[in-house]
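Trainee: Quick one: sequence and predicted model below, then my questions.
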Amino acid sequence: MHRFSFVPMILLATVVFASSAIATTGGFMDSRTIGADSFLKANPAFDGRGVVIAILDTGVDMGVPGLEKTPSGEPKVIVARDFTGEATVRLERATFDGKEAWRAGDSWVKGVDKITGFSAESGAFLGAIREAQFAGSGAPDLDRDGRTDGVFSVLVYKNADGKWRIVIDRNGDRNLADEPVIGSYEETFDYVTLFSGDPAKDLPRVTVSAHLDDKVQEPREVELHMVTASHGTHVAGIAAGYNIHGEKGYNGIAPGAKVMSLKIGNSALSGGATVTGSMKRAYEFVGRWASKHKVPVVVNMSYGVGSGQEGANDLEEFLNRFARENPNVLVVLSNGNDGPGLSSSGSPGAASTTLSVGAALSKLNAADIFGAKLQRDEMFAFSGRGGEIAKPDVVAPGIASSSVPYFQQGDVFRGTSMAAPEVAGAAALVLSASMKDPEFGKWHSGMLKAAFMASAKPLAGYNALDQGAGMIDVAGALKAFKTRLKDPLSQLLLEYRIEAPSSTLARKNNGSFWRAGGWAPTITDQAEVQVSMSFLSSVDPKTVADTRALIALSTSSAWLKLSKQKLVLKGNAKSSFTYYVDRTKVSNPGVHVALIKGTGPGQTSFTIPVSVVTPYPAPHVDGVSTISLKRVTVNPAGLVRIPFALPSNTTTMTISCKSADKASEVLALMFDGSGHRFDFGDAVISGPAGRSVNAVITDMPRMGVGEFILYVQPAAPKAAAVDVEIKFFSLSAKPVDALHGAAGQAPGFRTEVMNNMPEPFIGQVQGELSGVFSSFERSIDQKLLVHEFYISDEYRSVELELEISPENWSRFTDIAVNVLDSNGKAVVQTGFSNPRTVVRVDNRGTGNQRFKLEINAARGHEGGPNVPVKFTVRHFWKAPVKLEGKVDGNQLVRLLPQSPATLEVKTDKMPLAAPQGASWFGKVDFKARQDESIWLRMPLELRRR
């Protein structure tokens, strides 16, 4: 869940500041590209009515235009619940002081006798909303009075009908005489907004509703639903908004659908992070609600993090069980914003039973929002891509102007967060249009998901890893859905379960992904795929055992060969086949994707993407393994992938990119073999600005073939041309762990170096000691993990590298990270988007500044073992210590091929002492005289001996 700009964490969206003054044009809320506008013109009564869309997010503001009413005048938001505890108010029994106030602990209010329906005999319970606890949210000043220390009293009492009623001191003046009385939202649809001053003049600020069960005899708390972030409101508007921004006819995809606001993200945490169990509790509520009310429900959850082990996340396993047990709830998820690297789909979007959505940039979007004229619909670069898993399932436009709370400045957001509600709204349209079908009672989520995938339209220029089945089509999905309603096997089958191997993952998944230096299964070493039928939990055991399916197998490409053309499945038993790849037909550098298609009885089918990543060759140029590409053309909104494999013994790689035509800016990105983005600093190439990319990388991309990717923004006036040079060096040096030197002398070290390349190295060896570091381990339990650190005058910054194993990463739905200064003010708010994250804090003053790092980890389930976190804390000096190396006393170092040499490195001064338990860190560069290229960057971690 993450904001964006090629984002990390929590909310899967980013804000684009754009005017909505011309928002009635199609690109600001693109329903045309998915066929929703033409569908509604032909079927105005099938606008989503009869369907409920559950928005699991930061909360939906039911008080903004677009989310107040349905077209028939009913309340748009029918449920408002908070599963995070963010705004739960603790209550104490209040007593009258005999004068004018009711008191409980340090809380008091007056004007209680003026409250409609209040009786002193029924008793009262008192608590307060404290503004300080929302300091990290999108609305820290809840009432817009310029302060963040307000207290808003909350009084609860029972009326004459035995119903709990709530009174909220909206302006914090402790006088309830002028405050409205509200009930539990599901019963009364009441809400209030906090304000300061005159309510007739104040712009509404934060919307508050309440939930309190009438069965509770003496309440100890009241659950408030407070919208202090904009993400959920924006998502809800896309899915089901009606007259958004107060503009008639400016609607979301399914304006007739009703909405449940189920708050799973705590807005005070970075990115609106979830808390332990909040997702699971919300889904369990949806399941109970759908079962009780017998109403079709579509869940939209535009939340997630990067995958550690695709398909193995605790919540993904929960969602697959949820789908089997709750057939009339379709779960639509955003596929994540960690693209465009391969294998970058987010979690829990990898759950096989969910409908996971990638983000496209339609021609309409581009024209109206960016002023760009695209020749075709494109994929947004940030949209997560598949690999080991067959995700995304489909795509939809991923940018929109939608409803936002009044405290939010911009109303155009982009992300897979915006694509998912387009699909959720489309699902509501299909369900709404199918309710009168005599077979509608047999519908289930697997059937609806299959209908959307079967009818999707592939985008030109993209493969299944980018887009799944393609852009959704509402009319096509309705036709496919109605056909499946009448199909006997479709009525029983949730999905075909696929277990296919990959080179990068031990467990099997529903994709088969070979990122292995161009290797793929051969005729003598074939890959085995297992297939089975997964039934709804309501299907009785005998029916399961008696069900038989004959599957016809085929492939989409001649390079993908199958061992058989037919497969027989019986009950829930597994059956298998094998395949291999004609590697002569995938030898060209790039990403080769083909599909295995399984066509079963009736309308049932499955597809398995098989991918082979072939790296670019790196022949020797002047003795250096080099990928050299001239005038690589990148179109606006398009991208170019350059897969690479590290030659053996590579210790350092360098990347050099420059504009070849003085044209548009190009963004350069790198991803490791796990699909995680690799940060290498300034990554913008610009001819007009004279900017190029020159990076030295020693922390080699792990696990298979890495990717270097070039991307041009949609608004670029024309295609860009870039020259790319990637070099791989294999100088090596024996590790060094200590500095040596006599007392009072500047220390140094010696090490053996070897040139493993065919040409001599001639150049200088220089470097620095950058500061001090320490490594240690802490554990995440069920509580907040706190680590205190300092920055004193000699340091310019501190960097904290935090890492969790991929196995343990799968236990979490979010991990928020905050850094607070000594006054409790947040100076950094971020979080893990993948198992490793880095937090940097700069020196902001003088003296010994103390900081507190807080790790707030949200698990999919309550309980579980403690999880270790590896800390590496680096303090960077303001004045690094310079290093200079010599061989045989010569500053001009000459290293002949395959000839060892002794390198002697000296510091230019005595480094500052490392604190107890810490060591020095730095680097040494071997810089060639001829072109100043770095042949070896030797990382240093040293202690004094």
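Mentor: Yep, it's here. Since this is a predicted model, take the numbers as computed values, not measurements. Numbering: from 1, shown residues only.
Trainee: First-to-last residue distance for stretch 265-284?
Mentor: One end of stretch 265-284 sits 16 Å from the other (C-alpha to C-alpha, to the nearest Å).
Trainee: which SSE is residue 942 in?
Mentor: strand 934-944 (DSSP states H and E).
Trainee: May I have the strands that pair with that strand, each with its orientation?
Mentor: If you go by DSSP bridges, strand 934-944 pairs up with strand 738-739 (parallel), strand 919-928 (antiparallel).
Trainee: So for the last one, mean pLDDT?
Mentor: For strand 919-928, the mean pLDDT works out to 97.
Trainee: Verify the contact between residue 422 and residue 238 for me.
Mentor: Yes: assessed by C-beta atoms under 8 Å, residue 422 is found in contact with residue 238 at 6.1 Å. Where you see a C-beta, it was placed from the backbone N, CA and C, and this is true even at glycine.
Trainee: which parts of stretch 66-74 are buried?
Mentor: 66-68, 70 (16 or more other C-beta atoms under 10 Å).
Trainee: returning to what we had before: show which residues not belonging to the strand holding residue 942 make contact with it.
Mentor: 651-652, 654, 696, 698, 729, 731-733, 736-739, 747, 749, 753, 757, 761, 763, 767, 769, 773, 913-914, 919-928 (C-beta atoms under 8 Å, 6 or more residues apart in numbering).
Trainee: neighbour count winner among residue 422 and residue 238?
Mentor: residue 238 (35 against 32; other C-beta atoms under 10 Å).
Trainee: and the more buried one, helix, strand or coil?
Mentor: Here residue 238 is helix, with the state taken from DSSP: H, G, I helix; E, B strand; the rest coil.
Trainee: list the contacts for residue 488?
Mentor: residue 602.
Trainee: Could you do residue 84 as well?
Mentor: Here residue 84 is in contact with 263-266, 274-275, 278 (criterion: C-beta under 8 Å, 6+ apart).
Trainee: care to break this structure down by domain?
Mentor: Domains of the chain are assigned by the TED database as 30-87+220-486, 92-206, 620-729, 732-944.
Trainee: so how far does the first one reach from one end to the other?
Mentor: Between the start and the finish of domain 30-87+220-486 there is a gap of 32 Å, counting by C-alpha to C-alpha.
Trainee: How about the shortest one?
Mentor: Here the two ends of domain 620-729 are set 10 Å apart, with distance taken as C-alpha to C-alpha.
Trainee: can you list contacts of stretch 502-512?
Mentor: Counting by C-beta under 8 Å, 6+ apart, residues outside stretch 502-512 touching it are 309-312, 343, 350, 352, 386-391, 497-501, 513-516, 519, 527, 529-530, 579, 608-611, 673-674, 703-704.
Trainee: Give me the buried subset of these.
Mentor: 309-312, 343, 350, 352, 386-391, 497-501, 513-516, 527, 529, 579, 608-611, 673-674, 704.
Trainee: Make sure residue 179 is actually in contact with residue 169.
Mentor: Yes: contact criterion C-beta under 8 Å: residue 179 and residue 169 qualify, at 6.3 Å.
Trainee: And stretch 337-350, how far out from the chain middle?
Mentor: In terms of C-alpha atoms, centre = their mean, to the nearest Å, the centre of stretch 337-350 is found 8 Å from the chain centre.
Trainee: same check, this time on stretch 542-560
Mentor: Between the centre of stretch 542-560 and the centre of its chain there are 34 Å (C-alpha atoms, centre = their mean).
Trainee: List the buried residues of it.
Mentor: Result for stretch 542-560 [16+ other C-beta under 10 Å]: buried residues 547, 549, 551, 553, 555, 557, 559-560.
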